[in-house]
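Peer 1: using only what follows, build the 3D model:
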Amino acid sequence: MTAASWALQQAVFAVLSVSGAVRDIADERVFDAVPRGAAFPYIVVGEGGEADASTATEKGREHTLEIHVWSRAGGHKEAKLAADYSRESDGETYRAVLRFRAVTEPTA
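Peer 2: Got it, this is the predicted structure:
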């Protein structure tokens with residue numbers, strides 16, 4: 001993980017933590033690591049990746065990042081408010097996944 005990748009994750013986490021739309025779904029429950037017994041619904045800054053995105057003339061890194069919304073509200077409604085959604089194998093937990101891509105360039 002590069003410094004740019006970590007800075008991007010911190011920025012995404014900071015924006016999610018103060019977003020009114022996020023608070024409407026999960027109040028202040030935005031996590032990097034979910035604490036044991038966390039109340040539903042909650043949002044997790046999830047998996048990501050990083051790859052070279054350099055061109056012939058410019059250096060760059062491509063970053064991918066997933067944000068997961070976990071819910072136990074009856075039905076899909078809460079998850080549908082967020083993104084792509086699915087029911088987990090326990091039959092009562094729903095998960096929505098948002099996928100993002102960002103390209104960064106080194107600073108001079």
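
Peer 1: number of nearby residues for residue 26?
Peer 2: A count of nearby residues for residue 26, using other Cβ atoms under 10 Å, gives 24. Using the backbone N, CA and C atoms, a C-beta is placed for each residue, glycine as well.

Peer 1: what's near enough to touch the closest residue to residue 54 other than its chain neighbours?
Peer 2: The spatially closest residue to residue 54, leaving aside those adjacent along the chain, is residue 60, at 5.3 Å (Cβ to Cβ, 6 or more residues apart in numbering). Residue 60 sits next to 52, 53, 54, 103, 104, 105, 106 when contact means Cβ atoms under 8 Å, 6 or more residues apart in numbering.

Peer 1: would you show me how to pick out the buried ones of those in PyMOL?
Peer 2: Command for PyMOL, covering only those of these found buried under the criterion 16 or more other Cβ atoms under 10 Å:
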select buried, resi 53+104
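
Peer 1: redo the contacts of residue 60 as JSON lines? Include distance to residue 38, pLDDT and secondary structure.
Peer 2: Below are the contacts of residue 60 laid out as JSON lines (distance: Cβ to Cβ, whole Å; pLDDT from 0 to 100; DSSP: H, G, I helix; E, B strand; the rest coil):
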{"residue": "52", "distance to residue 38": "36", "pLDDT": "93", "secondary structure": "strand"}
{"residue": "53", "distance to residue 38": "35", "pLDDT": "93", "secondary structure": "coil"}
{"residue": "54", "distance to residue 38": "39", "pLDDT": "93", "secondary structure": "coil"}
{"residue": "103", "distance to residue 38": "32", "pLDDT": "92", "secondary structure": "strand"}
{"residue": "104", "distance to residue 38": "31", "pLDDT": "90", "secondary structure": "strand"}
{"residue": "105", "distance to residue 38": "36", "pLDDT": "88", "secondary structure": "coil"}
{"residue": "106", "distance to residue 38": "37", "pLDDT": "84", "secondary structure": "coil"}
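
Peer 1: now, among the contacts of residue 60, which is nearest to residue 8?
Peer 2: Ranked by distance to residue 8 (Cβ to Cβ), the contacts of residue 60 are led by residue 104 at 6.9 Å.
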